[in-house]
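1. Got a sequence here, can you model it:
(chains A, B and C)
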Amino acid sequence: MEAVPSIERLSSQQALGQRQQTRRNVFIIAAMTFFAFVWLVPIVWTLALSLRPEHSITANLTLLLPLPFTAENYDFVFSSSRIPRWFVNSLIVATLRTFFQLMICSLAAYSFARVKFPFRQYVFYFVLIGLMVPGQATFIPVYLLFSNLKLLNSFPALILPGVASPFAVFLLVQFFKGIPIELEEAARLDGASRIGVYFRIFLPLSTPVLTALAIFTFLGTWNEYLWPLVAATDPEIMTITIGLNNLTATTYEANYGQTMAAAWTAGLPIVVFFFIFQKRIISGIQISSGIK
Amino acid sequence: MSFYKVTKCAPNRKILSHEAPEWLKCLRSVNRCNTIRLSDRQQDMRPAEAMAHLTIARRKPSVPRLTKMERQDALVGFLFIAPFIILYLIFSFLPILQGFWISLHNWDVIGTNIKFVGLRNYEILFGKDKLFWSSLEHTLFFAVLAGPGLIIVGLSLALMLNQRVRGIGIFRTIFYMPNILSVTVVGLVFARVFAPGERGFVNAVLDSLGVSMGSWFLDEASAMPTVAITKVWWSVGFNMLIFLAGLQDIPQTLYDAAKVDGGGRWALFRHVTLPGLRRPMLFVIVLQVIASVQVFPLIDVLTGGGPAGSTRPLVMYLFERSFDYWQLGYGSAIAFVLFIFLFSVSILQLWFFSRGEGD
Amino acid sequence: MRKFATVTAVLLLVMCLGASAVAQDSMTLTVMRIFGDCVDDYGDVTDLSGTTSECGIITTLTNIWNAENPDVQVETIVADWPGTTQLNAAIAAGTPPDIAVLHGRRIPIYASRGALTPLSDVMEAVGIDASDFTEGAADYGIYRGEFYGVPFDLAATIWHINLDLWAEAGLVDDMGAPMLPASPEDFVAAAEQVYEATGKPIAEMAGQAGTVRPLTAFIFQLGGALADDAGNPTVDTPEALEALNHLLELQASAAITRPYNEINGAIAVENFANGESAGLIDGTWRINGFDRQIAEGDVALQNYYVADFPQLFDQPGTFAGSHNWLVPLGQNADPARVQAAVEFIKWLSDNSVVWARVGHGMTRSSVIASEEFQNLPHRSEYASMSSNVRSVPREVWGNAFWAIVHEEVEAAILGIKTPEVALADAQARLDDFILFQS
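-> Below is the predicted model:
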């Protein structure tokens, strides 16, 4: 007789918990939707602007709807025969820089986080110096370097300067230090080499942060302005950000429609790229189950 | 002090002998035959708290290392950082050194009129350059305004979006989306969002609500806060990603254990989430300080440093001196002072965060 | 073996081509310019009719040159406005373009460092008549008596007027021209008349068009000097203070302009196009844009008139910039190369009337006198501008002057500084700039 009420109580508690859970989820979704709406307004606006004729923009700028609708701004952007070329250039530069950066910096970060070598802390601080000096202060020396190497207007000039990124090393060291040392010690006792540990434990376990870093670097390279502006003046080697900027730049007018159309043309692939890869950030492998 | 022996080494399933506390049995990250040592104090602690201390206790290597292994490690360590260091030296460090060398000169941006002046640029900088100090002030003001917002909003978004709910990816994409815009586009858009008069976006909304309109970027008092708001909108998505990645690294078992222990939502956050996010937090804070102190392109496109120079940050001043006034030497001196400042602050932060850590 | 033969053949072919290229004595000149990239629309166009945009005109002109001069081909590098970032980097690396375009106020600092090739003799040799440049315009290309740039246009600050709104206030004469004020009192009276009739400001000013440009114009009109005899900047003068006080009065009057912190440059332009202001103080480069919008019939602005910047004091004076073509090859450049470059520049200059379609003023008397120029829209309305323009002093601080004075005047307008303090601060900053030159 005692058992029945207690079971009932238990199940009702569970139900209560579930209901609370559901209510909480609904609340979160509602709050998120509200914030997301506010967040999106400027973006929706840029999209609307890119789909409106310039004179209608001049007349009423704050309209969030593409009325009257026109595709002329996109026609203008796509009339350029060089867009595919610039697009491919950007893709090459951003992809290669991201790839090399991830490889080289994660290897260095693993070493900084886990391998004991002399002066490790000091070397790490030395690397951090690179973060503290603004690029505006060093771009003339870097430019002169590439000029002396006769490498201006080449892919190496666009790719190389961002590969050894103190930022990436700093980020990855923080995450690598958080990976339980037991995992590594176990693998080491099983006879795994350092490089094996790095490839088989650290890289797989760091999928979320590596993905975040990849997105960040890819985007940063895609949107980079000052360096490609001076390093690549030849339209054959130009990145899409600079190319589109030259297309839409008139000296005095803002050209909202065309600029926004250009921004969407350059940016949409990134949104898609992000949407695909953001899953990796959240469904990253759980620490313990990642090890076989 | 008690010792517990992990007796079975299958992943995900460990059995700990000798009356281990219930929560320790769920410790999925311990997956090799090992001895875990708990102080009596830890045994009485709540699981999450005990876990935090456990990390420290475990730091000490249980097996003494061989000197040969140490030597090997030193070699491997250097080998692993070598590709990075070589590129870093060529493309970052040498230009920085060169910049310092330039800062000891009068040096035109096009490389003419080069004259060694020793520390004169620094003397002028500290001695009588009012604009340097006001720019520093603006920079710190921006950092104070934008920094906390970027961290708090980023963390809140990450916590809310760290759910396994259908369609949550859409929200993540939306909050991240501003980050994909180039600074030029952000400048164009927000020049209009916060435009003065009735043609401004926010003003149009305020007006329809019967609230008085603002001058935003054209008012000395509101310009910098408006820049900070824009900054949060534009780049909080990246912090959100870092926190999301950090949340992934906190084992679910810790939450389970803490829940078994009867921890409330706040307790979970306070004792499991926050300690678990220590390293991402360190990264974000250090980075945010550096990025805020180096803010320039965003302010350039939004206010151009105005009105009347009231939002001119240090790097913009450096840029003006170097490229508009041609005083590359003086601009480099500003960069070097900025560097010393950032380096000291960052080392302090790193030291502060790494107190109580083994290495 | 066959491979070897092929390689040899290819090598020989390449050498022959190289040799023939040398034999033809052909040359490729690089031009680094602003004005944007429109190769897709104007890539092969060699017909100038109907083209009114800066980019379209300059691209077409280059195409025509390349078609007519097979042995001196011109290659364009598009630079980001104002064109200095890429140019400075290229000069620093010792790989400057053969030709570049810069604003006149930026020339002295380059010339003083020997980065520009002196052009006076070459100009004479290729037949650019220096005396053909109008007095005000020639200044922009000169530093220390020598031409370093060939002034292409005058981008002046002028007064865009909505005639319909002026007519409502009874300020349009029988000829259909606005009755322009000729003194500060007239100006305020006219403004109040328009404001009473329409509720709209007569001369909206935003951004730099409300600070450094009108201030400098008023200083010129008051007979003030911006430099002393030694060429050092003088902005803290009685004339400057009078000009600033006058500008502050204008800025404070709703009949003249909306408050400085309630408009920005883009909004002021839109206000004018939408018939929300009776007048706008802005550059010559907007003229064609307004005309085009009116022709397309989608703006409230209908009867559009272009007047010179308000001439309110004793001496005529209008503030203008000027795009200059120059040769950044330094002082020991290869004479043949310099000559080829200047020949291209001469050709551009000879055809500059096409460039005037944008709205810019012209620099050569012969061009101004030409029928083609006189037939351009509005030209008679602001003809006096050409003779009224004045350059900022031809000194190394010319460009720094622009940014510093803008900022300090802004502080005075927003009430952050008193006019006296603003001018004193501007002077101190310019003095500091000079200090670095020694």
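
2. which residues touch the closest residue to B:L342 other than its chain neighbours?
-> Distances taken as CB to CB, 6 or more residues apart in numbering or on different chains place A:M132 nearest to B:L342, at 4.0 Å, with adjacent residues excluded. Quick note: C-beta positions are derived from backbone N, CA and C, even for glycine. By CB atoms under 8 Å, 6 or more residues apart in numbering or on different chains, the contact list for A:M132 reads B:I290, B:L338, B:F339, B:L342, B:F343, B:S346.

3. Could you list which of these belong to strands?
-> Using DSSP state E, no member of these sits in strands.

4. Need the nearest residue in space to the residue in the stretch 51-200 of chain A positioned nearest to chain B, chain neighbours excluded.
-> The minimum distance from the stretch 51-200 of chain A to chain B, using CB to the nearest CB, falls at A:F117 (2.9 Å). Using CB to CB, 6+ apart and skipping the chain neighbours, the partner closest in space to A:F117 is B:G77 (2.9 Å).

5. Could you verify my assumption that the one you found touches A:V123?
-> No: counting by CB atoms under 8 Å, B:G77 does not reach A:V123; the two are 9.1 Å apart.

6. picking up where we left off before, mind listing what the residue of the stretch 51-200 of chain A closest to chain B touches?
-> A:F117 sits in contact with A:S111, B:D73, B:A74, B:L75, B:V76, B:G77, B:F78, where contact means CB under 8 Å, 6+ apart.

7. Show me chain C divided up by domain.
-> Domains of chain C are assigned by automatic domain parsing as C:26-154+C:322-390, C:156-320+C:397-435.

8. Is there proximity between the last one and chain B?
-> In other words, domain C:156-320+C:397-435. Yes: judged by CB under 8 Å from any CB of the partner chain, domain C:156-320+C:397-435 comes into contact with chain B through C:258, C:260-264, C:266-267, C:270-271, C:399-400, C:403, C:407-408, C:410-411, C:414, C:416-417, C:429, C:433.

9. quick check, distance from that domain to the centre of its chain.
-> In terms of CA atoms, centre = their mean, to the nearest Å, the centre of domain C:156-320+C:397-435 is found 16 Å from the chain centre.

10. tell me which element C:Y305 is part of?
-> Taking DSSP states H and E as the criterion, C:Y305 maps to strand C:304-308.

11. contacts for that strand?
-> The contact list for strand C:304-308 (CB under 8 Å, 6+ apart) reads C:158-163, C:177-178, C:180, C:287, C:290-291, C:294, C:318, C:359, C:378, C:381-382, C:384-385, C:388.

12. So what's the model's average confidence on stretch C:264-273?
-> Stretch C:264-273 shows a mean pLDDT of 90.

13. Output that stretch in CSV with nothing but the alpha carbons.
-> Only the C-alpha atoms of stretch C:264-273 are listed here, as CSV (Å, rounded to 0.1, in the frame of the first residue of the first chain):
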residue,chain,number,x,y,z
ASN,C,264,25.4,64.0,-42.4
GLY,C,265,26.7,64.3,-46.0
ALA,C,266,24.5,61.6,-47.5
ILE,C,267,21.3,62.9,-45.8
ALA,C,268,22.0,66.5,-46.9
VAL,C,269,22.2,65.3,-50.5
GLU,C,270,19.0,63.3,-50.2
ASN,C,271,17.2,66.2,-48.5
PHE,C,272,18.1,68.4,-51.5
ALA,C,273,17.0,65.8,-54.0
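
14. How about it and chain A, any contact?
-> Yes: Stretch C:264-273 comes into contact with chain A (CB under 8 Å from any CB), by way of C:A266, C:E270, C:A273.

15. picking that back up, let's have the domains of chain C in CSV, adding distance to B:T139.
-> Formatted as CSV, these follow (distance: least, CB to CB, whole Å):
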stretch, distance to B:T139
domain C:26-154+C:322-390, 23
domain C:156-320+C:397-435, 17
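
16. Same list (these) but as TSV, adding mean neighbour count.
-> Listed next are the domains of chain C as TSV, based on neighbours: other CB atoms under 10 Å in any protein chain shown:
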stretch	mean neighbour count
domain C:26-154+C:322-390	20
domain C:156-320+C:397-435	20
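
17. among those, which is nearest A:V173?
-> A:V173 lies closest, by CB to CB, to one member of these: domain C:26-154+C:322-390, at 34.0 Å.

18. any idea how far that closest one is from the chain center?
-> 11 Å.

19. Name the helix or strand for residue 86, please.
-> The chain I'm using is chain A. Applying DSSP H and E, one finds A:W86 within helix A:83-114.

20. Let me rephrase: I mean chain C.
-> Using DSSP H and E, C:Q86 falls in helix C:84-92.

21. Averaged pLDDT, that helix. What do you get?
-> 92.

22. now for the next helix or strand after it, which elements pack on it?
-> The first helix or strand that comes after helix C:84-92 along the chain, using DSSP H and E, is strand C:99-103. Contact here means 3 or more CB pairs under 8 Å, 6 or more residues apart in numbering or on different chains; DSSP states H and E; on that basis strand C:99-103 packs against strand C:27-33, helix C:84-92, strand C:323-326, helix C:335-350.

23. For chain B, which of these is the nearest?
-> Nearest of the helices and strands packed on strand C:99-103 (CB to the nearest CB): helix C:84-92, 4.3 Å.

24. got the CA coordinates for the closest one in PDB?
-> The C-alpha trace of helix C:84-92 is given here as PDB (Å, rounded to 0.1, in the frame of the first residue of the first chain):
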ATOM      1  CA  THR C  84      47.700  57.400 -51.400                       C
ATOM      2  CA  THR C  85      47.800  54.000 -49.700                       C
ATOM      3  CA  GLN C  86      48.900  52.000 -52.700                       C
ATOM      4  CA  LEU C  87      50.900  54.800 -54.100                       C
ATOM      5  CA  ASN C  88      52.900  55.300 -50.900                       C
ATOM      6  CA  ALA C  89      53.600  51.600 -50.700                       C
ATOM      7  CA  ALA C  90      54.700  51.400 -54.300                       C
ATOM      8  CA  ILE C  91      57.000  54.400 -53.900                       C
ATOM      9  CA  ALA C  92      58.500  53.000 -50.700                       C
END
